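Colleague: could you look at this predicted model? Sequence included:
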Amino acid sequence: MLRSRTNIAIATGLVALALPVAATAAPKRITRTVTGGPVAATATSVGSSFDGTGAGVQLKISRNGTTLFDGAPKGAGCIYEGKSSCTLLGWDEGSDALVVRDLDGNGEPEVIVDQYTGGAHCCVDTTIFNLKPDGSGYLQSPKEFRDEGYRLISRPGGTGEGAVPIFESGDIRFIDLYTSHAASSAPTQLWRWTGQAGWIDVTTSYLDDVRADQRQQRKLLDRITRRSIYEARGVAAAWAADGYRLGQRTAVLRILRRLADRGRLASGFSQRRSAAAKRSQGRAFVQGLDRRLKRWGYLPRP
């Protein structure tokens with residue numbers, strides 16, 4: 001999704017940007033409060049996950065003036081040696097790391113908290129807080145979007161529903177699977193949070209989004225294979241996954257095998273091998289990818 005495509009674009013010259021050098025500073029502390037209807041949420045973030053000074057996030061949620069939650073959000077990637085080391089995602093850049101919004105259409109706002117784990121290229125931990133049925137506190141529904149992150153978008157809901165909030169991300173299983181992290185990409189993946197049912201993968205309900213992602217992945221794949229300066233397996237796998245979801249397996253395999261025969265789908269470590277060896281390695285990659293996509297459920301159901 002966005003993270004991986006940005007990395008690929010930088011590597012292939014599609015975009016150029018300059019990254020500032022971070023200056024050493026004392027750990028920062030920031031408090032943010034967001035309200036929605038009867039709900040008020042206050043998050044406090046200390047330090048930075050970039051330099052190892054992150055000391056965790058504390059969250060307080062009140063409803064009609066009564067505190068119903070006061071503690072640290074769950075997040076599997078945020079616990080290190082028994083302590084939380086995360087910070088609010090991008091809080092020093094003004095991002096929406098704390099949101100109060102009705103996600104399931106029942107009129108009661110939920111609280112969304114995005115935490116950042118730190119690391120060279122990782123990770124987003126998101127937790128949704130929803131009111132318990134008896135109103136005595138809040139339940140937590142954590143999800144790791146990892147280095148793909150997400151965008152909160154609106155899409156048409158089901159029968160009798162209007163627009164509903166959708167978490168647009170990417171299938172994180174593809175990252176580092178076939179190539180280096182920088183050369184990896186992930187097919188689009190759409191999630192909906194639905195109260196008691198929790199997180200549901202709704203990608204197949206929004207195939208126009210899959211088509212749009214497929215077009216972007218193909219643009220990157222064409223650029224990479226035309227220049228022959230960057231390993232194409234990561235983008236090829238993501239593009240193929242979108243195609244399989246759209247019922248294009250036969251056409252996708254034809255294109256992948258053509259690329260393999262041209263030596264474009266060999267691993268980055270085999271660029272000095274013979275043309276025959278590259279073809280063989282590329283064909284093996286295509287065969288393995290086909291098996292994996294079928295096993296992971298990327299083919300449409302009959």
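Modeller: Nice, thanks for sending it over. From a predicted model like this one, the values you see are computed outputs, not experimental measurements. Numbers count the residues shown, from 1 in each chain.

Colleague: and after the helix or strand of the chain at the bottom of the mean pLDDT ranking, which helix or strand comes next?
Modeller: Here the helix or strand of the chain ranked lowest by mean pLDDT, DSSP states H and E is helix 2-12, holding a mean of 45. The first helix or strand that comes after helix 2-12 along the chain, using DSSP states H and E, is strand 29-36.

Colleague: give the other helices and strands that that next one contacts.
Modeller: Packed against strand 29-36 by the contact rule (3 or more Cβ pairs under 8 Å, 6 or more residues apart in numbering; DSSP states H and E) you find strand 39-46, strand 98-101. C-beta here means a position set from N, CA and C on the backbone, and glycine is covered the same way.

Colleague: can you tell me which of those is nearest to residue 145?
Modeller: Evaluated over these, closeness to residue 145 peaks at strand 98-101, with 14.3 Å, by Cβ to Cβ.

Colleague: I'd like the average pLDDT over that closest one.
Modeller: The average pLDDT within strand 98-101 is 94.

Colleague: run the chain-centre distance for it.
Modeller: 19 Å (Cα atoms, centre = their mean, to the nearest Å).

Colleague: which parts of it are buried?
Modeller: 98-101 (16 or more other Cβ atoms under 10 Å).

Colleague: now swap in stretch 286-296 and tell me
Modeller: Buried, per 16+ other Cβ under 10 Å, within stretch 286-296: 286, 289-290, 292-293.

Colleague: show me the contacts for the closest residue to residue 137 other than its chain neighbours.
Modeller: Nearest non-adjacent residue to residue 137, counting by Cβ to Cβ, 6 or more residues apart in numbering: residue 68, 4.9 Å away. Taking Cβ atoms under 8 Å, 6 or more residues apart in numbering as the criterion, residue 68 is in contact with 61-62, 131, 136-138.

Colleague: residue 186 contacts residue 170, doesn't it?
Modeller: Yes. Using Cβ atoms under 8 Å, residue 186 is in contact with residue 170, at 3.2 Å.

Colleague: how about the helices in the stretch 101-250 of the chain?
Modeller: Along the stretch 101-250 of the chain, counting by DSSP state H, counting those that start in this stretch, helices occupy 207-227, 233-245, 249-261.

Colleague: please identify which of these is closest to residue 174.
Modeller: The closest of the helices of the stretch 101-250 of the chain to residue 174 is helix 233-245. By Cβ to Cβ, the value is 5.8 Å.

Colleague: what's the angle from that closest one to helix 249-261?
Modeller: 160 degrees (axes from the mean of the first three to the mean of the last three Cα atoms, to 10 degrees).

Colleague: now do helix 233-245: which elements does it pack against?
Modeller: By 3+ Cβ pairs under 8 Å, 6+ apart, helix 233-245 packs against helix 2-12, helix 207-227, helix 249-261, helix 275-295.

Colleague: mind doing that once more with 10 Å?
Modeller: Here helix 233-245 touches helix 2-12, strand 188-193, helix 207-227, helix 249-261, helix 275-295, going by 3 or more Cβ pairs under 10 Å, 6 or more residues apart in numbering; DSSP states H and E.

Colleague: winner for burial among the ones you listed?
Modeller: Comparing the helices and strands packed on helix 233-245 by mean neighbour count (mean count of other Cβ atoms under 10 Å), strand 188-193 ranks first with a mean of 22.

Colleague: send me it as CSV with only the CA atoms.
Modeller: Listed next in CSV are the C-alpha coordinates belonging to strand 188-193 (Å, rounded to 0.1, in the frame of the first residue of the first chain):
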residue,chain,number,x,y,z
THR,A,188,-4.6,-3.4,-1.1
GLN,A,189,-6.6,-4.7,1.9
LEU,A,190,-9.8,-3.0,3.3
TRP,A,191,-11.0,-3.5,6.8
ARG,A,192,-14.2,-2.6,8.6
TRP,A,193,-14.7,-2.5,12.3
